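Asks: need coordinates for the following:
(one chain, ligands or ions: 1)
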Amino acid sequence: MVKTIFHTHPSSQIPLRWRLTIWYLLTLGAILLLFAAFLYWQLQRNLYAQVDTTLQLAASQAFINVDADGDTIAFQNVDNLSDPQYQNEELTYYLLSSDGVLLEQLGQDTAVSPQLPQQTGYVTLAIDGDTWRVYSQLVTVNNATGWVQVVQNLDPIVETLERLLTQMTIGVPLALALAGIGGLLLASSALRPIVRITQTAQSITGSDLNRRIHYQGPTDELGRLAQTFDDMLDRLQAAFERERRFTGDAAHELRTPLAALKGRIGVTLSKPRPLVEYTDTLHEMEGQVDRLIHLSNDLLFMARLDQRQMPLRLEPIALPDFLAAVVDQVSPLAEAKQLELYEHVPDHLFINGDIDLLIRLFLNLLDNAIKYTPEGGQVSIAAQMENQQVRIAISDTGTGISKEHLPHLFERFYRVEEDRTRSGKTNGQSGAGGAGLGLAIAYEIVRAHKGNMTVESQPNQGTTFIVQLPA
Ligand code: ADP
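Replies: Predicted coordinates:
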């Protein structure tokens, strides 16, 4: 049992839904605070600007109504100032002489005593916890000068702002709390399928790969994840199945010659025999051992191909010379069976491949063609360019293969039924007799070259294997 140890970051121990919610709250909190600060600042600015405009308007109005009385100034049309249009209950008007003596006062009493201003403009005063805004304007009528001063209490504004601040201090955390609950619920429901995927994954073991998630929801990210997971399980299950069958078949193939050996040894040892019998037995046993060696070589080769431990040593190969050499190697077998062996390969045809693997591929195919063609038949190998690929056809006029076997021919350990009682192969390469690995190996070699192999066959007429390899 392999135990995976994750090097965990401290934050990864917090469940994802909490982490999502926390990040969401932090972001939302920051946005709300910025928004609240902006709102507060805007409102404060507007309210103060409004007061300042009111004060300035009131001062201008008062200014119009100031007249000179000798060298002092005085409000003339006081009624005008009481006009509702200009009247503002919160305002107090002062009229000061140029040396700061209060000449006249209109409006309500205030805690602000008139002061001699330095210049036309605003000042803010804090008196006994109250805040006041004072606007002073210099007036000159004829030769008399003085000041008009308008005063307003800012407390209502301060109160409004304070109220807003209180509401925000309650409202923002409340909004955050509600958003947090909502966010947590949303995150939990969004992540629920993941919990199910995890549970399914945990319940899957090497011996039970049958379980699937069967996600019913929409085909969103999670739907696709669940589907991908199911597909992956399909592939895993198929691979496991293949592996299991392969191991079983391999064990079976190994056991048959071993059992034969054991039987033979038992019989030989059962009684004393003349020397020649022992020699015969050893010769026979040598054949079985050869079979075993070839079988294990094939298995090893297969395993290395599977694990991609065999990097292809690609090189440009001149096809006419290469195929001629391969044909040379099998021609004694063809001659022995009185088969005609043809070869049609145009000049200047090249393929890019691993020469050792390709020798094995074509030897396997030619070996089979010769093996399954009765005496007097023909075997041919022909190559041509087709759609940027090199197409090599190995044809024979042999026994052929019936249709139902064709789809399985490239599977490992697959043999055509009648052929179960195997005879030793004629070729020394895999002369250990067919275990049904020859075509599987050929197929893997073609695949490793990014090529393709197909088969066409007519029982009692012949078979053609077509190999397509990148030029
Ligand atoms: P084996 O090593 O047993 O020959 P192969 O994988 O090479 O295994 O072949 C699988 C089966 O395909 C063989 O049992 C044989 O029946 C069939 N076969 C392969 N090549 C030919 C051919 N050229 N003609 C007829 N049958 C063939």
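
Asks: mind telling me what element the residue of the stretch 301-450 of the chain found nearest the ligand is part of?
Replies: Using C-beta to the nearest ligand atom, the closest approach of the stretch 301-450 of the chain to the ligand is made by residue 434 at 1.9 Å. Heads up, the C-betas are built off the backbone N, CA and C, glycines and all. Under the criterion DSSP states H and E, no helix or strand holds residue 434.

Asks: over to residue 375?
Replies: Using DSSP H and E, residue 375 maps to neither a helix nor a strand.

Asks: just residue 183 next, same as before
Replies: helix 155-203.

Asks: now for that helix, which elements pack on it?
Replies: Contact here means 3 or more C-beta pairs under 8 Å, 6 or more residues apart in numbering; DSSP states H and E; on that basis helix 155-203 packs against helix 16-64, strand 130-141, helix 221-269.

Asks: that older thread, test my guess that the residue of the stretch 301-450 of the chain closest to the ligand contacts residue 415.
Replies: Yes - counting by C-beta atoms under 8 Å, residue 434 touches residue 415, with 6.1 Å between them.

Asks: how close does residue 195 get to residue 187?
Replies: From residue 195 across to residue 187, the span is 12 Å (C-beta to C-beta, to the nearest Å).

Asks: counting neighbours, go ahead and name the busier of these two.
Replies: The neighbour comparison of residue 195 against residue 187 (other C-beta atoms under 10 Å) goes to residue 187, with 18 against 11.

Asks: roughly how far does the closest residue to that one other than its chain neighbours sit from the ligand?
Replies: Leaving aside its chain neighbours, residue 187 sits nearest to residue 17 (3.9 Å; criterion: C-beta to C-beta, 6 or more residues apart in numbering). Residue 17 is 55 Å from the ligand, where distance means C-beta to the nearest ligand atom, to the nearest Å.

Asks: what's the helix or strand for residue 453?
Replies: Per DSSP H and E: strand 452-458 holds residue 453.

Asks: contacting residues for residue 331?
Replies: The contact partners of residue 331, taken as C-beta atoms under 8 Å, 6 or more residues apart in numbering, are residue 341.

Asks: tell me the gap between whatever helix or strand it lives in and the middle of its chain.
Replies: For residue 331, the element it lies in under DSSP H and E is helix 319-336. Its chain's C-alpha centre and that of helix 319-336 lie 51 Å apart, by C-alpha atoms, centre = their mean, to the nearest Å.

Asks: that one near the ligand at all?
Replies: No - if you take C-beta under 6 Å from any ligand atom as the test, helix 319-336 misses the ligand, and the best it gets is 12.6 Å.

Asks: which parts of that helix are buried?
Replies: If you call a residue buried by 16 or more other C-beta atoms under 10 Å, then helix 319-336 has these buried ones: 319, 320, 322, 323, 326, 327, 329, 330, 331, 333, 334.

Asks: for residue 374, which non-adjacent residue is spatially closest?
Replies: Here the residue nearest residue 374, using C-beta to C-beta, 6+ apart, is residue 398, at 6.6 Å.

Asks: check residue 261 too.
Replies: In space, residue 261 is closest to residue 288, 5.1 Å off (C-beta to C-beta, 6+ apart).

Asks: flag the shaky bits of the stretch 1-150 of the chain, pLDDT-wise.
Replies: Along the stretch 1-150 of the chain, segments meeting pLDDT under 70 span 1-12, 77-88.

Asks: kindly report the same for the stretch 251-400 of the chain.
Replies: By pLDDT under 70, the weakly predicted segments of the stretch 251-400 of the chain are 309.

Asks: residues from it in reach of the ligand?
Replies: Counting by C-beta under 6 Å from any ligand atom, the stretch 251-400 of the chain sits next to the ligand at 368, 369, 372, 396, 398, 399, 400.

Asks: among these, which lie within helices?
Replies: Among those, the members found in helices (DSSP state H) are 368, 369.

Asks: what subset of the residues of the stretch 251-400 of the chain next to the ligand is buried?
Replies: Those of those that meet the buried threshold are 368, 369, 372, 396, 398, 399, 400, by 16+ other C-beta under 10 Å.

Asks: now render those residues as TSV, adding distance to residue 54.
Replies: What follows is those, written out as TSV (distance: C-beta to C-beta, whole Å):
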residue	distance to residue 54
368	107
369	109
372	111
396	110
398	112
399	113
400	109
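
Asks: do you know how far the residue in the stretch 51-200 of the chain that the ligand sits nearest to is from residue 226?
Replies: Relative to the ligand, the nearest point of the stretch 51-200 of the chain is residue 200 (38.7 Å; C-beta to the nearest ligand atom). According to C-beta to C-beta, residue 200 and residue 226 sit 9 Å apart.

Asks: ok now stretch 52-62, how far from the chain's centre?
Replies: Centre-to-centre, stretch 52-62 and its host chain are 67 Å apart (C-alpha atoms, centre = their mean).

Asks: how many neighbours does the residue of the stretch 301-450 of the chain closest to the ligand have?
Replies: So residue 434, with other C-beta under 10 Å, has 20 neighbours.

Asks: quick check, residue 467 in a strand?
Replies: Yes - looking at residue 467 with DSSP: H, G, I helix; E, B strand; the rest coil, it is inside a strand.

Asks: my guess is residue 227 meets residue 215, correct?
Replies: Yes - Residue 227 is within contact range of residue 215, at 6.7 Å (criterion: C-beta under 8 Å).

Asks: find the closest residue to the ligand in the stretch 101-250 of the chain.
Replies: For the stretch 101-250 of the chain, C-beta to the nearest ligand atom, closest residue to the ligand: residue 249, 12.0 Å.
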